[in-house]
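Quick one, structure for this:
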Amino acid sequence: MKVKTVCIVGGGSSGWMTAAALAKNLPDLRIMLIESPNVPTLGVGESTLGHINRYLYSVGMLEKDYEWMPECDATYKVSIQFTDFKEKGHSFQYPFGEVDATEVGTIDNYYHLIQLDPKYPLDYSQFHNPITYLTDTNKMVGNRNIIRNFDFKWDTAYHFDAIKFGNYLRDKVAIPNGVIHIKDDVIEVIPKQDGNGIDCLITKNCPTMRVEADLFIDCTGFKSLLLEQTCKSKFISFEKDLLNDRAISCRLPYTDRKKEMVNYTDCHALSSGWVWETPLWNTRGTGYVHSSKFISLDDAKREFRDHLATKVGKEKAEELEFRVIDMKHGKREKAWVGNCVGIGLSYGFLEPLESTGLYTTHENILNLIDTLERRNGYITKIDLDGFNYACNFTLESMRSFVAMHYVLSQRRDSAYWRHYADNVEMVPYDKIVDDKVISPRLYKEFLHNVNVAHAQSDLEGTLYIAAGLGYNPIGRTEVNYRCYEKRLSDADFVRGIGKKILNYKKQVFEKLENCPTTFEFTRDYVYERKEKT
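Numbering: from 1, shown residues only. Purely as a prediction, here's the structure:
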């Protein structure tokens with residue numbers, strides 16, 4: 001198959017992200033996007049990971065924050081905070097960026113230190129990554145002069161309105177780069193006679209015309225009209241590992257933006273799930289992700305309102321209007337079947353605990369671009385297999401990562417948390433890696449669809465989450481033995497490292513006192529800058 005024409009079915013953030021990236025990077029393609037005028041687009045405050053910067057670079061937006069961010073109600077983010085996940089009253093951070101090894105030596109030294117000095121005041125993230133100090137103080141900086149391992153361009157992510165983000169990509173990137181926008185309903189999908197892909201589409205407004213393309217991209221959401229319903233890529237549920245199947249969402253007004261606009265996404269555990277809060281520029285998006293098996297909708301709404309009352313007061317919490325969203329965790333067996341590719345929800349979905357909503361979307365878009373560029377649009381089964389391998393690896397890795405947040409929790413105060421503690425089985429990560437490492441070298445080195453050799457470094461977040469939930473892989477007995485056997489430097493040396501980190505933190509905090517808050521930085525660097533241009 002030689003791909004010269006592409007038809008994307010479905011708009012929204014996934015459809016327009018796909019259209020924009022293909023049009024920008026593969027200008028020789030003829031691309032059309034069919035979007036139903038009758039299907040409402042779901043939109044909540046979207047939270048992203050640092051990986052999105054590679055996508056923004058691919059569409060020419062990485063260094064244009066002051067252009068696109070105001071159009072999308074966007075703010076900066078450098079971390080994810082988890083509150084009440086380990087136990088009630090406890091919170092920890094998962095900061096972005098690389099581990100700062102200037103003083104710490106090996107990763108093990110933190111575990112050595114807390115066994116030698118159980119009252120050491122810094123947690124894992126504060127010890128290993130000084131970007132945490134930005135979240136501790138709610139300050140933002142735009143250079144490395146204050147925090148030595150902070151790269152503003154790559155270590156920041158964003159909160160934004162997903163609908164506005166899709167619209168911006170439509171109007172400022174996709175259509176200006178030649179994407180044909182068709183507002184119509186697809187009323188029939190005709191499969192190929194051999195059953196391997198799609199022959200054509202029939203639309204409501206032009207029922208006598210066949211819409212043909214070399215490649216069809218399914219962005220129809222959970223419905224998965226093309227990939228699952230037509231191409232029969234069966235749905236594989238993740239419900240055994242990920243229990244949350246419903247969300248209640250709303251928007252919160254600001255009362256004090258300087259204080260409430262923070263540089264992290266807050267995830268706050270409740271009795272049967274967790275609440276997200278994403279601070280956008282003009283409002284705060286929030287929602288309760290929970291399991292219908294452990295709490296009724298009415299009880300979930302009451303618990304959510306009680307939680308929101310701590311944010312906006314009881315009277316305002318009672319006035320908030322909720323929207324209920326049903327969720328279906330899982331993936332289709334294959335992301336690419338014949339001449340059909342699923343992007344976004346049409347391929348797979350994980351609850352947004354680790355900002356997974358757009359993560360798998362933009363990663364699979366970039367995988368698709370890599371595949372189409374590799375042989376100038378020429379595609380055979382080896383390309384499909386490599387693409388499916390990469391998509392599956394990404395989603396399965398994230399599934400295990402998200403589930404870890406629950407199974408390592410020390411909470412047992414509700415049936416939900418007890419079920420995770422006692423019943424959910426986790427596939428050991430080393431088994432996942434071993435299955436991939438023994439894959440043919442062609443997938444690892446020639447196709448470059450996924451770099452298995454770097455899977456561990458890409459999942460450094462595992463260490464932040466495990467430590468934050470109280471999981472210490474090196475106990476006191478082992479530390480004493482290592483000291484005795486001289487497998488680590490003496491205890492005084494390790495304690496000295498701890499003192500150096502405390503001293504560095506003190507220096508950074510002194511510098512941050514004169515730095516702008518997240519709100520002030522975003523206002524000056526983005527929103528007022530936009531007004532001046």
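
show me what contacts S249?
44, 285-288, 322-323, 325 (C-beta atoms under 8 Å, 6 or more residues apart in numbering). C-beta coordinates here come from the backbone N, C-alpha and C atoms, glycine included.

So which residues of the stretch 1-150 of the chain form strands?
Applying DSSP state E, counting those that start in this stretch to the stretch 1-150 of the chain gives strands spanning 5-9, 30-35, 45-47, 75-77, 79-83, 91-95.

Out of those strands, flag the one nearest R412.
The minimum distance between R412 and those falls on strand 79-83, with 17.4 Å, by C-beta to C-beta.

Who are the packing partners of that closest one?
strand 91-95, helix 132-137, strand 264-270 (3 or more C-beta pairs under 8 Å, 6 or more residues apart in numbering; DSSP states H and E).

Tabulate these (TSV), appending mean neighbour count, distance to G330 and mean pLDDT.
Shown next, in TSV, are the helices and strands packed on strand 79-83 (neighbours: other C-beta atoms under 10 Å; distance: least, C-beta to C-beta, whole Å; pLDDT from 0 to 100):
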stretch	mean neighbour count	distance to G330	mean pLDDT
strand 91-95	23	24	95
helix 132-137	22	32	96
strand 264-270	23	21	96
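
Figure out which of those is closest to L243.
Of all the helices and strands packed on strand 79-83, strand 264-270 sits nearest to L243, with 13.0 Å by C-beta to C-beta.

strands paired with the closest one, and their directions?
Its sheet considered, strand 264-270 pairs with strand 79-83 (parallel), strand 273-279 (antiparallel) by DSSP bridges.

and of those, who's closest to Y471?
Nearest to Y471, of all those, is strand 79-83, at 13.3 Å by C-beta to C-beta.

chain center to the closest one, what's the gap?
13 Å (C-alpha atoms, centre = their mean, to the nearest Å).

What mean pLDDT does that strand get?
Across strand 79-83, pLDDT averages out at 96.

relative to strand 91-95, how tilted is it?
Interaxial angle, strand 79-83 versus strand 91-95 (axes from the mean of the first three to the mean of the last three C-alpha atoms, to 10 degrees): 160 degrees.

Residues touching strand 79-83, excluding its own?
The contact list for strand 79-83 (C-beta under 8 Å, 6+ apart) reads 47, 90-96, 131-132, 134-135, 263-269, 354-355, 405, 465, 468.

And for stretch 284-292?
44-46, 159, 243-254, 260, 270, 272-278, 300, 303-304, 307-308, 311, 325, 327, 351-353, 416.

hmm, which of these are the buried ones?
44-46, 159, 243-252, 254, 260, 270, 272-278, 300, 303-304, 307-308, 311, 327, 351-353, 416 (16 or more other C-beta atoms under 10 Å).

pLDDT at Y57, what is it?
94.

no wait, Y481
For Y481, the pLDDT comes out at 71.

Please identify the buried residues of the host helix or strand of it?
Per DSSP states H and E: Y481 is located in helix 476-485. For helix 476-485, burial by neighbour count (16+ other C-beta under 10 Å) applies to 479, 482-483.

now stretch 118-126
120, 122-126.

Give me the contact list for that stretch.
Stretch 118-126 is contacted from outside by 92-95, 110, 113-114, 132-133, 136, 463-464, 467-468, 498, 501-502, 505, using C-beta under 8 Å, 6+ apart.

where does the closest residue to K24 other than its chain neighbours sit relative to H181, distance-wise?
Leaving out its chain neighbours, the residue that sits closest to K24 by C-beta to C-beta, 6 or more residues apart in numbering is V59, at 4.9 Å. To H181, V59 is 17 Å away according to C-beta to C-beta, to the nearest Å.

Just want to know which of the two has more residues nearby.
More crowded of V59 and H181, by other C-beta atoms under 10 Å: V59, with 23 against 17.

Pull the contacting residues for the more buried one.
So V59 contacts 20-21, 24, 169, 173 (C-beta under 8 Å, 6+ apart).

and if you look at Y55?
Neighbours of Y55 in contact, by C-beta under 8 Å, 6+ apart: 17, 21, 362, 365-366.

Present these as JSON lines; the columns should include distance to Q193, neighbour count and pLDDT.
Below are the contacts of Y55 laid out as JSON lines (distance: C-beta to C-beta, whole Å; neighbours: other C-beta atoms under 10 Å; pLDDT from 0 to 100):
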{"residue": "M17", "distance to Q193": "32", "neighbour count": "27", "pLDDT": "96"}
{"residue": "A21", "distance to Q193": "32", "neighbour count": "23", "pLDDT": "97"}
{"residue": "H362", "distance to Q193": "35", "neighbour count": "26", "pLDDT": "92"}
{"residue": "I365", "distance to Q193": "30", "neighbour count": "26", "pLDDT": "95"}
{"residue": "L366", "distance to Q193": "33", "neighbour count": "17", "pLDDT": "92"}
